[in-house]
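1. Pasting the sequence and the predicted model now:
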Number of protein chains: 2
Amino acid sequence: MNTTTLTENTASPALSTVAAAASFSPLYQQIKSLVLQSLQAGEWKPGDPIPSEFELAARYKVSQGTVRKAIDELAKEHLLVRRQGKGTFVATHAEQQVQFRFLKLKPDNPQSDAQGPAERHIIDCKRLRAPTPVAQVLGLRAGEAVFQVRRVLSFDQVPTIFEDIWLPGAAFKGLTAERLSADTRPMYAMFESDFGIRMVRAQERLRAVLPSPEVCEWLRVASDTPLLKVERMAFTYHDTPMEWRIGVYLTDTRHYLNELN
Amino acid sequence: MNTTTLTENTASPALSTVAAAASFSPLYQQIKSLVLQSLQAGEWKPGDPIPSEFELAARYKVSQGTVRKAIDELAKEHLLVRRQGKGTFVATHAEQQVQFRFLKLKPDNPQSDAQGPAERHIIDCKRLRAPTPVAQVLGLRAGEAVFQVRRVLSFDQVPTIFEDIWLPGAAFKGLTAERLSADTRPMYAMFESDFGIRMVRAQERLRAVLPSPEVCEWLRVASDTPLLKVERMAFTYHDTPMEWRIGVYLTDTRHYLNELN
DNA sequence: CAGTGGTCTAGACCACACT
DNA sequence: GTGTGGTCTAGACCACTGC
């Protein structure tokens, strides 16, 4: 029933085809998904400005207010960033402000270190055929190529995080330990610039565990030290899974901070 | 400079005094804070409908669209709930939908239990003089009265969560173990109806720990079982701290789920 | 049917940034 | 100054609810 409404909307004849093909929702939702398509297609790259609200309104044959509402939602989802007087930009993990947006481990004493993982050590980066569980969570066929990256993050010389990262091989063709080690930016910033992949959303499952012998060595802890296990699924546009990451965190001088709203 | 603008805004003369006293922000922010005041003052109680957008627009002498934007934000913060065709209501923890909004521990196998803590066992509820750390986080003077509630939550007969809850004595006058045990609703729902206190926002800090001897007994686990320690600060309106809760979770068949946006 | 929230428009003006 | 996003208004119509 929404379809008829939208198709008959004389103010937006250009959208009739879209309405039939894509969505049966409010106009601003259709605009939102059109913008989303442009983002995914790479029409505007991370850091770039997108057209002004009036330009988009003209392009889609709707009023500026409708475009505004669509952009508002995309901005709240951190896909776009508005800057008054300048324009609206495609969000990026490279900005100083939102770097490590997904890293929730904070020092108990905020003044101890001035943010940012001090040191990152890549252990290895292997190209493998996906084990079944990895293939499943990443939405691949068993045996397809994947990359496995393992690394240790240290704060103030103290190894604190051990991570085991799985990435689809097709999307990350050419990834090597050398490239990962050489890059000083956050990993997700490199994924954007080098592979055109932007992580948009993630989901983490937390547990308390005891370390495996291997983890004991990398984090230099006893085998009875309780660790926080953080299992992360990260998604690009349209909820496509793009990373599976299993981390273990040392939480004796740091904690995982979560805001509940 | 915003003040002048607002004071001179001929469409909203009724707000000039407010603008001078309260905020130097957009009109809809002022409306938002006025509504917030009414909520805090208990003018509308949890579950009640608030006046319609047009009524509020008339009361505050602004346009309906401005009221709408204010309510939109309050709805996104879960302080209000909109229901098309019916009205806008004061949110409550009693609604089936959003019960246990702050409990992020989910079963690994979603179908195992059908949501909702199966059993709750109140260990004790004591009225004490606040220990210094408790007084500090709750914003009280050291030695002021506080309640300490301890309890165990079990899922499928398995004790899974041990909690130590601290509440300001003044606000919760008359709280007893009996009342807590008798009530079948979520604790926060009882706080609303019996004490007029609504928890609006919370913050949790997570760590992996080993259990104390006491916790070992209550959760019936070995002393080398790693547990997830969850330290929660809960706030009412205007970010007033109203609860400090230290919980330890057994995470062998459950996990703490967190969405990152 | 009347009343509520939800969407959309059109136009005005403000605040900010660059040039 | 010009162009951008940010706020505010007024009025129209749609969608849902309950009498």
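-> Cool, the structure landed. Numbers count the residues shown, from 1 in each chain, chains lettered A, B, ... in the order given.

2. With adjacent residues omitted, what lies nearest to A:Glu144?
-> For A:Glu144, ignoring the flanking residues on the chain, the nearest one in space by C-beta to C-beta, 6 or more residues apart in numbering or on different chains is A:Ala130 at 5.2 Å. Quick note: C-beta positions are derived from backbone N, CA and C, even for glycine.

3. gap between the one you found and DNA strand C?
-> 41 Å (C-beta to the nearest atom of the strand, to the nearest Å).

4. how many neighbours does that residue have?
-> A:Ala130: 23 surrounding residues under other C-beta atoms under 10 Å in any protein chain shown.

5. again with the one 10 residues further on
-> Neighbourhood size, A:Leu140 [other C-beta under 10 Å]: 19.

6. so A:Arg59 touches A:Glu53, yeah?
-> No. Taking C-beta atoms under 8 Å as the definition, A:Arg59 is not a contact partner of A:Glu53, at 10.7 Å.

7. Which strands or helices does the helix or strand that contains A:Phe162 pack on?
-> Taking DSSP states H and E as the definition, A:Phe162 sits inside strand A:158-168. Applying 3 or more C-beta pairs under 8 Å, 6 or more residues apart in numbering or on different chains; DSSP states H and E, we find strand A:158-168 packed against helix A:132-138, strand A:145-155, helix A:213-219, strand A:241-249.

8. Same list (these) but as TSV, adding distance to DNA strand D, mean pLDDT and mean neighbour count.
-> Below are the helices and strands packed on strand A:158-168 laid out as TSV (distance: least, C-beta to the nearest atom of the strand, whole Å; pLDDT from 0 to 100; neighbours: other C-beta atoms under 10 Å in any protein chain shown):
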stretch	distance to DNA strand D	mean pLDDT	mean neighbour count
helix A:132-138	35	97	15
strand A:145-155	34	97	19
helix A:213-219	43	98	16
strand A:241-249	28	98	21
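
9. and DNA strand C, which of these is closest to it?
-> Closest approach to DNA strand C among the helices and strands packed on strand A:158-168 is made by strand A:241-249 (28.5 Å; C-beta to the nearest atom of the strand).

10. of A:Arg59 and A:Glu53, who's got more company?
-> Remark: of A:Arg59 and A:Glu53, A:Glu53 carries more neighbours, 19 against 13, as counted by other C-beta under 10 Å.

11. What separation is there between that one and A:Ala91?
-> Separation of A:Glu53 from A:Ala91 (C-beta to C-beta, to the nearest Å): 17 Å.

12. Please apply the same query to A:Gly143.
-> A:Gly143 is 35 Å from A:Ala91, by C-beta to C-beta.

13. Look at these two and report which has more neighbours.
-> A:Ala91 (22 against 12).

14. tell me the contacts of the more buried one?
-> By C-beta atoms under 8 Å, 6 or more residues apart in numbering or on different chains, the contact list for A:Ala91 reads A:Pro46, A:His78, A:Leu79, A:Leu80, A:Val81, A:Val98, A:Arg198.

15. mind redoing it with 10 Å?
-> A:39, A:46-47, A:74-75, A:77-81, A:98, A:101, A:192, A:198, A:200 (C-beta atoms under 10 Å, 6 or more residues apart in numbering or on different chains).

16. what does A:Thr236 give?
-> Contacts of A:Thr236 by C-beta under 10 Å, 6+ apart are A:Gln40, A:Ala171, A:Phe191, A:Gly196, A:Ile197, A:Arg198, A:Met199, A:Val200, A:Arg201, A:Met242, A:Glu243.

17. Out of these, which are close to chain B?
-> A:Met199, A:Val200, A:Arg201 (C-beta under 10 Å from any C-beta of the partner chain).

18. tell me which of the residues you listed is nearest to DNA strand D?
-> A:Val200 (20.2 Å).

19. Tell me the spacing between that closest one and B:Arg150.
-> 41 Å.

20. Using the three-state scheme, assign A:Gln29.
-> helix (DSSP: H, G, I helix; E, B strand; the rest coil).

21. swap in A:Ser25?
-> Applying three-state DSSP: A:Ser25 is coil.

22. Quick check, pLDDT for it.
-> A:Ser25 is assigned 86 on the pLDDT scale.

23. where in the stretch 51-200 of chain A is pLDDT low?
-> For the stretch 51-200 of chain A, the stretches flagged by pLDDT under 70 are A:112-117.

24. does whichever residue of it sits closest to chain B belong to a helix or a strand, and which?
-> For the stretch 51-200 of chain A, the residue closest to chain B is A:Phe102, as judged by C-beta to the nearest C-beta, at 5.1 Å. Using DSSP H and E, A:Phe102 falls within no helix or strand.

25. So which of the ones next to chain B among the contacts of A:Thr236 belong to strands?
-> Secondary structure assignment (DSSP state E) places A:Arg201 from the ones next to chain B among the contacts of A:Thr236 within strands.

26. can you give me the strands in chain A?
-> A:49-50, A:80-83, A:87-90, A:105-107, A:119-129, A:145-155, A:158-168, A:201-209, A:227-235, A:241-249, A:254-260.

27. any bit of the shortest one sitting next to DNA strand C?
-> Going back to what we said before, that points to strand A:49-50. No. Remark: strand A:49-50 sits outside contact range of DNA strand C, by C-beta under 7 Å from any atom of the strand, the gap being at least 11.0 Å.

28. Sheet partners, orientation included, of that strand?
-> Strand A:49-50 has the following strand partners under DSSP bridges: strand A:87-90 (antiparallel).

29. So which bits of the partner strand are buried?
-> Neighbour counts using 16 or more other C-beta atoms under 10 Å in any protein chain shown place A:Thr88, A:Phe89, A:Val90 of strand A:87-90 among the buried residues.

30. for stretch A:42-52, same thing?
-> Neighbour-count burial for stretch A:42-52 [16+ other C-beta under 10 Å]: A:Trp44, A:Pro46, A:Ile50, A:Pro51.

31. Tell me who's in contact with the closest residue to A:Gln99 other than its chain neighbours.
-> Among residues not flanking A:Gln99 along the chain, A:Pro186 sits closest, at 5.2 Å (C-beta to C-beta, 6+ apart). Going by C-beta under 10 Å, 6+ apart, A:Pro186 touches A:His93, A:Ala94, A:Val98, A:Gln99, A:Phe100, A:Arg101, A:Phe102, A:Leu103, A:Gly116, A:Pro117, A:Arg120, A:Glu192.

32. Check A:Glu178 too.
-> Taking C-beta under 10 Å, 6+ apart, one finds A:Ile122, A:Cys125 in contact with A:Glu178.

33. Got the domain ranges for chain A?
-> Following automatic domain parsing, one gets these domains for chain A: A:2-90, A:105-256.
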